[in-house]
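1. Quick one: sequence plus predicted model below, questions after.
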Amino acid sequence: MDLDYKKVGFKCGVEIHQQLETHKLFCHCPSIVHDDAPIDIQIERKLRAVAGETGKVDAAASYEREKNKRFLYEGCSTSACLVELDEEPPHEVNKDALDVALQVALLLDATPVDEIRVMRKTVIDGSNVSGFQRTMLIATGGVIKTSKGNVVVDSICLEEESAKKVEEKVDHVRYRLDRLGVPLIEIATDASIKDPDHCKEVASILGMILRSTEKVRRGIGSIRQDVNVSIKGHPRVEIKGFQDLRSIPKVIDFEIKRELADIKAKKKCSSHVRKADKNFTTSFLRPMPGAARMYPETDVPPIAITSSWLKQIKRPELLTERVMKLEKQYKLSPQLAHEVLDNEHFVSYVKQFKLAPELIARTLVEVPKEITKRFGTRTLKQEHFKLVLKALEQKKIDESAIVELLAASAQGKKLDITQFKKVAVGDVEQEITKLVQKNKDVSPNGLMGVIMKKYRGKVDGKKVMQIIQSNLK
């Protein structure tokens, strides 16, 4: 059934968690993530819940305590130290990570706090060796401009990434320490998101803004989205574990229908956390954590955000702004400009070769995708791109030879420009005409296939088709 989100009292906010490409937040260990060095650290812990600043034990922490599990930690001394093991106090907060967080605040028009105070957030599911996660508020009151109106950014925080779970049994959980302590920016919006597709748009814009800093990690697991949703008559539910933006609308749609069913069945419901499952459904994780889990970190002094510090923070150029510049400067389509944006060689190749920028962009972006489609993932060397572009510039080969030549190099074959020596269409025009006259009952595509089998990569296919069609009239 189609849902009327306004009628059901839909409210939604999103939280984005993004790893930064710097060393760890409270020590100088590198943010390797997935360290494949030999394991030389192994410890075992049991954790207990403690009262927060309110004097109460958090409900989510109590829930995890009841499981009474042992936690096994393994790691490498190349990416973990006594800080990760909670055997040494935290070092000075990573200044580079703080600068990136302030850059994000600028991009979102948020107001930085006067003083950063580190807090401890009780977490005893084993994902933090210490039993808590350190977090700090950096800025508030930002705004995200979307197609459906502005969405307010409630907070921008900087916190520690958790350890990665590698095994879970009935009585214990095993974690890896290489990810623990990696700087993580958390951006939380208010509940003004209007519908599931709007939520996806907001998450996409936030991802673009974070990538604009050029200081964030890329790849699977480096960014995560949590979504808070509720409807009239049902308490707030937090959904965790989104990895793919495309799944957001489907999972939210399922969750709203589930909440409507709860209301219809007159179930007694309370706020809780659910997991976004692979089949676009949700499942119960734990009770909703609250303010009771927070208490001050006494090992890290407050950090004043001074006016002189803020003046040194440069606002990065948004990726969308850079894409528009590429479109305008090199006369590229929006899609091509977006795809070539991350290619570090495009601009230098435009300067190096007297070729249309669009042709260079397509060679760098579309040809590798075509080769992957035909032969699977392959490695293409920049020296081969240069060789092919140089041959194009010198008119030694036709554009149609680009894929064939680079596909050969991707398969480890010797790149031989001479075998695709360009042939003028005029030189084969008589042969095309004779072929058409002898095979008038054959379709244009069939005739094209015969010609291109012999001249693929040597003649312009569009011109060959034009000759075929003119002879068939």
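-> Perfect, I can see it now. Bear in mind the structure is a predicted one, so any value in this text is a computation, not a measurement. Residues are numbered from 1 along each chain as shown.

2. any idea which helix or strand carries residue 145?
-> Element membership for residue 145 (DSSP states H and E) is strand 132-146.

3. Helices along the stretch 351-473 of the chain, start to end?
-> Counting by DSSP state H, counting those that start in this stretch, one finds helices in the stretch 351-473 of the chain at the ranges 357-375, 382-393, 401-410, 425-438, 444-455, 461-472.

4. and if you look at the chain?
-> Applying DSSP state H to the chain gives helices spanning 59-65, 95-107, 196-211, 248-264, 307-312, 319-330, 334-340, 346-352, 357-375, 382-393, 401-410, 425-438, 444-455, 461-472.

5. ok, the closest residue to residue 205 other than its chain neighbours - contacts?
-> Using C-beta to C-beta, 6 or more residues apart in numbering and skipping residues adjacent in sequence, the residue nearest residue 205 is residue 144, 5.6 Å away. In short, each C-beta sits where N, CA and C put it, glycine included. By C-beta atoms under 8 Å, 6 or more residues apart in numbering, the contact list for residue 144 reads 108, 150, 151, 152, 153, 189, 202, 205, 206.

6. Quickly run through the sheet partners of the strand holding residue 145, with directions.
-> When pairing is defined by DSSP bridges, strand 132-146 lines up against strand 111-112 (antiparallel), strand 118-122 (antiparallel), strand 149-160 (antiparallel).

7. With just CA atoms, put stretch 24-41 into CSV.
-> Only the C-alpha atoms of stretch 24-41 are listed here, as CSV (Å, rounded to 0.1, in the frame of the first residue of the first chain):
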residue,chain,number,x,y,z
LYS,A,24,43.6,7.8,15.7
LEU,A,25,41.8,10.2,17.9
PHE,A,26,43.6,9.8,21.2
CYS,A,27,46.9,8.3,20.2
HIS,A,28,49.3,8.3,17.3
CYS,A,29,48.5,4.8,16.0
PRO,A,30,47.7,4.9,12.3
SER,A,31,44.1,4.5,11.2
ILE,A,32,44.8,1.3,9.2
VAL,A,33,41.5,-0.5,9.6
HIS,A,34,41.7,-4.2,8.6
ASP,A,35,45.4,-4.6,9.6
ASP,A,36,46.8,-7.7,8.1
ALA,A,37,50.0,-7.8,10.1
PRO,A,38,50.5,-10.8,12.4
ILE,A,39,48.4,-10.7,15.6
ASP,A,40,50.6,-10.0,18.6
ILE,A,41,48.0,-8.6,21.0
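
8. gap between that stretch and the chain center?
-> Centre-to-centre, stretch 24-41 and its host chain are 21 Å apart (C-alpha atoms, centre = their mean, to the nearest Å).

9. Pull out the buried positions in that stretch.
-> 24, 25, 26, 27, 29, 31, 32, 33, 35 (16 or more other C-beta atoms under 10 Å).

10. Need these in CSV (columns: distance to residue 225 and pLDDT).
-> As requested, those are exported to CSV (distance: C-beta to C-beta, whole Å; pLDDT from 0 to 100):
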residue, distance to residue 225, pLDDT
24, 23, 97
25, 21, 98
26, 25, 98
27, 28, 97
29, 27, 96
31, 20, 90
32, 24, 84
33, 18, 83
35, 25, 80
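
11. Out of these, the closest to residue 248 would be?
-> residue 33 (23.9 Å; C-beta to C-beta).

12. which ones are touching the closest residue to that closest one other than its chain neighbours?
-> Leaving out its chain neighbours, the residue that sits closest to residue 33 by C-beta to C-beta, 6+ apart is residue 179, at 5.1 Å. Residues in contact with residue 179 (C-beta under 8 Å, 6+ apart) are 33, 34, 161, 162, 163, 164.

13. Out of those, which two sit at the greatest distance?
-> Using C-beta to C-beta, the contacts of residue 179 reach their maximum pairwise distance at 34 and 162, which is 14.4 Å.

14. Nearest to residue 43, out of the strands paired with strand 132-146?
-> Nearest to residue 43, of the strands paired with strand 132-146 and by C-beta to C-beta, is strand 149-160 at 17.8 Å.

15. Out of the buried residues of stretch 24-41, the closest to residue 65 would be?
-> Using C-beta to C-beta, residue 26 comes nearest to residue 65 of these, at 25.2 Å.

16. can you tell me which residues contact the closest one?
-> If you count contacts by C-beta under 8 Å, 6+ apart, then residue 26 has 83, 90, 91, 93, 94, 134, 160, 181, 300 around it.

17. show me the contacts for the residue nearest to it when sequence neighbours are not counted.
-> Distance criterion C-beta to C-beta, 6+ apart; nearest residue to residue 26, sequence neighbours excluded, is residue 90 at 3.6 Å. Neighbouring residues of residue 90 by C-beta under 8 Å, 6+ apart: 26, 27, 83, 134, 297, 299, 300.

18. what's the answer for residue 159, then?
-> By C-beta under 8 Å, 6+ apart, residue 159 lies in contact with 25, 121, 133, 134, 135, 136, 183, 184, 186.

19. Can you pick out the most distant pair from these?
-> Maximum pairwise distance among the contacts of residue 159 (C-beta to C-beta): 15.4 Å, between 121 and 183.

20. Among those two, which residue is more densely surrounded?
-> residue 183 (28 against 20; other C-beta atoms under 10 Å).

21. who's that one bridged to?
-> Judged by DSSP bridges, the bridge partners of residue 183 are residue 160.

22. So the protein: which segments form each domain?
-> 11-311, 319-420, 425-472 (automatic domain parsing).

23. could you redo the ones you listed as a markdown table and give each row distance to residue 5?
-> Listed next are those as a markdown table, based on distance: least, C-beta to C-beta, whole Å:
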| stretch | distance to residue 5 |
| --- | --- |
| domain 11-311 | 5 |
| domain 319-420 | 27 |
| domain 425-472 | 48 |
